[in-house]
Structures are given as C-alpha cells and as structure tokens.
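[1] Structure for the following, please:
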Amino acid sequence: SILPQRVPQYKGFDIWGKTVSADVVSGDFYDFIPISDNILGLAIADGSGHGLPAALVVRDIYMGLRMATDRDFKIIRTMEKLNHIIHRGRLTTKFVSLFYGELETGGILIYCNAGHNFPFILRADGVTYEMLENGGPVLGPTPDATYMRGFAKMSAGDLLCMYTDGVVEAHNADDEEFSLERLQTLVAENRERPSKEIAKEILARVTEWGPGEQDDRTVVIVKAVDP
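    This is a model prediction of the structure:
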C-alpha cells in the first residue's frame, strides 16, 4: 500500500516502476516524492530478507523519507537520520540498502547510495554506462556511518535504471545469475521503448530466467525525453 499508486507526470521525463513480491508482502520499496515543481525525489530500497520483517523496515524508510523531504533536509542529513532510525529499531531486520536521488527538471541528479545495487545511466549513444556509486554503507548496522553525495546529469536520450538485487541475482536451473551485464544489455536493446515497456520486459525476462523461488524484484526506469 505504500508503493506509488500512479506514475508522476514530470516534465522532460518518462518514468515507470514496479515491484514483484516473492511473498505476500515485499521487502523491496520504491517511491516518487514530489518535492517541488522542479524537483522529484526518486527512491529504491531493499530490506534484508523478505516477507513481513523486511516490509516493516522499508515502511520506516518510506515514512522517514517523507518526513525528511517535508522538512527540507539535505540528502546527507536524510541518510544519517534514516541510518539512526533503522539502527535503533527493534525489528529483526537491521540492514536496508537505499538509493535516494533528487532529479531536477533540467536533468541534474543529486543522489546518495547507501549500499544499494548501483543504478546506472545508459547514455544516449546506447553503449556508455555511468554507475551511480557515491554514498556509503547500508543503513542500520553502523550508527556513526558517514555518507557522500553524488552528482549526475541526464540529457535527452539518457536512461536511468534502478533495480534491486532480486533482478541481477536471480538464478536459473544451472545456478547462473541473471547478472548486471545481462540487465545492461537488455536495457540497451530496448532503450527506444517507453519506460513502462522496458521495465515490464526486464521483469518478464528475469522471471523466464529463474521461474522458481526468488527474491523480491523491483525495477524503476527514468528516461530523459525532449520537453
């Protein structure tokens, strides 16, 4: 119920996301947070394990992000606050990876990656990838963890792919992982399609790759288009 109920209409960008749960409830989470007319918050998180304990801890991330943006906290302070919240929590799940970024209508993306699978930007040339690595450790285990901001610029034709480990770590019958390389190749092959179609294609291909018991899977695609 905390997942986005509709896709944001954000000038200059085609955006879509989806979570496929491995259980009745999911430990994966994504969110679109309207901060102003010119800034959109983008979040993706993964609580360790799956099921109810992981879902409860990502609920804390959802609430913490909303409170931080309402109070106009900077990204680093937001990450530090969330880290303390998870560390002090009484839930069995104490490890949460989170990527959070703020995307401006001009294409500037300010972000922080707290131990999450590196999102990547596929540039308009279809062959260049920029991994969004700057940040710090996963939220929860280390109360005094420090974080750094990262910066990227998206121009028309660029594509941002955010995902959880249930996508790249899905195993087939031969115990091969789907892998980041396969994900990047799949995104490049489908980059001309709308974001919704790209995300659905990724999730379908991962299901075909490993149809058995798997982790939660989430994909968010953000395409920069001509305004």
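[2] Heading C-terminal from the host helix or strand of Asp60, find the next helix or strand.
    Assigned by DSSP states H and E, Asp60 belongs to helix 52-70. Using DSSP H and E, the helix or strand that follows helix 52-70 in sequence is helix 75-88.
[3] tell me the angle of that following helix relative to helix 52-70?
    Calculated by axes from the mean of the first three to the mean of the last three Cα atoms, to 10 degrees, helix 75-88 forms an angle of 150 degrees with helix 52-70.
[4] How far away from the center of its chain is helix 75-88?
    Its chain's C-alpha centre and that of helix 75-88 lie 17 Å apart, by Cα atoms, centre = their mean, to the nearest Å.
[5] Equivalent analysis for stretch 155-164, please.
    Distance, centroid of stretch 155-164 to centroid of chain: 11 Å (Cα atoms, centre = their mean).
[6] do the same with stretch 96-110
    With Cα atoms, centre = their mean, you get 10 Å for stretch 96-110.
[7] Quick one: end-to-end distance for it.
    With Cα to Cα, to the nearest Å as the measure, stretch 96-110 spans 20 Å from end to end.
[8] Need the mean per-residue confidence for it.
    What stretch 96-110 shows for mean pLDDT is 95.
[9] Okay, buried residues for that stretch please.
    Residues of stretch 96-110 classed as buried: 96-104, 109-110 (neighbour count, 16 or more other Cβ atoms under 10 Å). (Each C-beta comes from the backbone N, C-alpha and C, glycine too.)
[10] Turn these into TSV, including distance to Glu201 and secondary structure.
    Output for those, formatted as TSV (distance: Cβ to Cβ, whole Å; DSSP: H, G, I helix; E, B strand; the rest coil):
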residue	distance to Glu201	secondary structure
Val96	28	strand
Ser97	24	strand
Leu98	25	strand
Phe99	22	strand
Tyr100	26	strand
Gly101	23	strand
Glu102	27	strand
Leu103	23	strand
Glu104	28	strand
Leu109	24	strand
Ile110	29	strand
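[11] In TSV, list these along with distance to Ala156.
    Listed next are those as TSV, based on distance: Cβ to Cβ, whole Å:
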residue	distance to Ala156
Val96	34
Ser97	30
Leu98	28
Phe99	23
Tyr100	24
Gly101	19
Glu102	20
Leu103	14
Glu104	15
Leu109	14
Ile110	20
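[12] follow-up on the earlier one: by contact count, what packs against the helix holding Asp60?
    strand 28-36, strand 39-47, helix 75-88, strand 96-104 (3 or more Cβ pairs under 8 Å, 6 or more residues apart in numbering; DSSP states H and E).
[13] where's the second one relative to the chain centroid, distance-wise?
    What it means is strand 39-47. Worked out by Cα atoms, centre = their mean, strand 39-47 lies 5 Å from the chain centre.
[14] what is the orientation angle of it with strand 96-104?
    Going by the same axes, to 10 degrees, strand 39-47 makes 170 degrees with strand 96-104.
[15] model confidence over strand 39-47, on average?
    Per-residue scores along strand 39-47 average to 92.
[16] Can you list the strands that that strand pairs with?
    strand 28-36 (antiparallel), strand 96-104 (antiparallel) (DSSP bridges).
[17] So for the first one, what gets flagged as buried?
    Spelled out, that is strand 28-36. Under 16+ other Cβ under 10 Å, the buried positions of strand 28-36 are 28-33.
[18] CA atoms of it as CSV?
    C-alpha atoms of strand 28-36 as CSV (Å, rounded to 0.1, in the frame of the first residue of the first chain):
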residue,chain,number,x,y,z
ASP,A,28,11.5,-4.1,-1.8
PHE,A,29,10.4,-0.5,-2.0
TYR,A,30,10.4,2.4,-4.5
ASP,A,31,8.9,5.8,-4.3
PHE,A,32,8.4,9.0,-6.3
ILE,A,33,8.4,12.1,-4.0
PRO,A,34,7.3,15.4,-5.4
ILE,A,35,9.5,18.0,-3.6
SER,A,36,8.7,21.0,-5.8
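[19] That concludes my questions; thank you for your assistance.
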